[in-house]
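In: Sharing a model that was predicted from the sequence below.
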Amino acid sequence: MFSPVPDPEPEPEPTPTGNDALLVIKMISGLEKEFELTAAEIEDFINWYNNRADGNGKEIYMFEKDFNMGPFTARKDYVAFSKIQSFEVMEYTK
């Protein structure tokens, strides 16, 4: 009887392969916020989050929005660390 060879162990910390990602932040209120970001912007957010979890850095993270500008010259969304329940990063390549 044929015994298939098992797949090798998965890499514990895989290297990101996408150029962009969708960041979905679930707030403790149940609200979900979505941001389409570059890989560098995702890295900045994760660094801020990890530093804040260690007690360093600002309580608030600011996202620049460049869509649906209407008459505005700038749109910014501020997210408070203490209000984040969890977040998910979904990478993709355009």
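Out: Perfect, I can see it now. Numbering: from 1, shown residues only.
In: In contact with the residue nearest the centre of the chain, which residues?
Out: Centroid-nearest residue in the chain: L23, 3.8 Å away (criterion: Cα atoms, centre = their mean). Neighbour list for L23: E34, F35, E36, L37, I42, F45, F87, E88, V89 [criterion: Cβ atoms under 8 Å, 6 or more residues apart in numbering]. Bear in mind the C-beta positions are built from the backbone N, C-alpha and C, glycine included.
In: rerun at 6 Å
Out: F35, L37, V89 (Cβ atoms under 6 Å, 6 or more residues apart in numbering).
In: neighbours around the residue lying closest to it once chain neighbours are set aside, how many?
Out: Leaving aside its sequence neighbours, L23 sits nearest to F35 (Cβ to Cβ, 6 or more residues apart in numbering; 4.6 Å). F35 is flanked by 18 other residues according to other Cβ atoms under 10 Å.
In: Over to the one 3 residues further on?
Out: Close neighbours of T38, defined as other Cβ under 10 Å, add up to 12.
In: Having no further points to raise, I will conclude here.
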